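*Asks:* Sequence first, then the predicted structure, then my questions.
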Amino acid sequence: MKYMGSKARFAKDLLPILLKDRKQGQAYVEPFAGGMNMIDKVDGLRIANDQHEELMAMWHALIYEHWDPPKSVSETEYKAIKYHQDDYPKHLVGYVGFNSFGGKWFAGYRRDKEGKRDYWSEHYRNITKQVPKLKGVELSCKSYLELEIPANSIVYCDPPYASTTKYKDDFDHEQFWQWCREKSKDGQTVFISEYAAPNDFKCIWEKGAKTTFSWHAENLSPKESIERLFVYKQ
Ligand SMILES: C[S@@+](CC[C@H](N)C(=O)[O-])C[C@H]1O[C@@H](n2cnc3c(N)ncnc32)[C@H](O)[C@@H]1O
């Protein structure tokens with residue numbers, strides 16, 4: 001799914017690192033699963049959490065309620081849903097809200113001036129292609145702070161990055177890094193995607209990235225952004 005801050009482009013690089021020492025039966029957990037563009041390529045015991053209610057209602061309806069989403073939504077319908085969200089089922093609001101510019105929540109109706117692209121068909125195809133790969137994933141919709149994580153899990157964190165566009169709520173980055181320290185000390189194997197981290201974390205992978213989504217590049221020129229993966233130095 002096209003999603004603001006999607007890690008689809010890096011999945012090939014990141015997943016072999018995240019899963020290298022995975023033991024049989026070991027859970028793979030994503031507290032910030034978003035567009036599920038990483039976890040859809042992992043098998044076995046998986047937990048996908050995201051605090052975005054409509055997004056998770058959408059994933060639940062698609063994966064567990066056999067919901068067939070609309071193949072097309074007009075601009076009038078898009079606006080009606082955007083401005084009267086309470087009048088529509090949450091899963092539909094989630095589906096429509098994220099088919100916007102840059103995969104960013106209701107950031108504007110996508111229209112192809114030359115008529116060559118049908119963004120609704122693309123959205124439908126991208127999402128329905130993911131659904132079979134997500135069967136069996138345990139879904140959860142809460143703050144990462146409240147997420148219960150099985151002992152000795154692999155925890156991959158892809159939070160809203162610091163110095164990027166604000167999402168629905170403000171994100172407390174210091175509190176997040178502290179949470180990562182505590183989980184690591186508790187025996188979880190925690191990986192974090194970010195551009196930068198506090199000094200007691202070490203970078204184990206990096207790659208230059210041309211960022212197209214404003215989530216990751218509001219204050220940075222695209223050339224400056226380097227995707228990194230961090231772990232806590234214990
Ligand atoms: C960079 S995106 C994740 C993208 C995902 N890895 C992908 O490839 O599609 C960050 C996600 O964190 C979620 N989020 C923000 N604050 C959160 C919180 N406190 N607890 C849980 N999820 C949160 C947002 O809703 C968003 O989906």
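*Replies:* Arrived safely, thanks for sending.

*Asks:* Which strand or helix spans the spatially most distant residue from the centre of the chain?
*Replies:* In the chain, the residue that sits farthest from the middle, by C-alpha atoms, centre = their mean, is E114; the gap is 30.3 Å. With elements taken from DSSP states H and E, nothing contains E114; it lies in neither a helix nor a strand.

*Asks:* same question, Y156
*Replies:* Here Y156 is covered by strand 154-157, with elements defined by DSSP H and E.

*Asks:* in its sheet, what does that strand sit against?
*Replies:* Strands adjacent to strand 154-157 in the sheet, as given by DSSP bridges, are strand 28-30 (parallel), strand 189-194 (parallel).

*Asks:* quick one: it near the ligand?
*Replies:* No - Strand 154-157 lies out of reach of the ligand by C-beta under 6 Å from any ligand atom, never closer than 8.1 Å. All C-beta atoms are positioned from the backbone trio N, CA, C, and that covers glycine.

*Asks:* Quick check: nearest residue in space to the residue nearest to the spatial centre of the chain, chain neighbours excluded?
*Replies:* Most central residue of the chain, judged by C-alpha distance to the mean C-alpha position with C-alpha atoms, centre = their mean, is G34 at 2.4 Å. In this structure, G34 finds its nearest non-sequential neighbour in Y3, 5.2 Å apart by C-beta to C-beta, 6 or more residues apart in numbering.

*Asks:* ok, the one you found touching G35?
*Replies:* Yes - counting by C-beta atoms under 8 Å, Y3 does reach G35; the two are 2.7 Å apart.

*Asks:* Those two: who's more crowded?
*Replies:* Here Y3 and G35 are compared on neighbour count by other C-beta atoms under 10 Å; more neighbours surround G35, at 24 against 21.

*Asks:* which SS class is the more buried one?
*Replies:* Reduced to three states with DSSP: H, G, I helix; E, B strand; the rest coil, the structure at G35 is coil.
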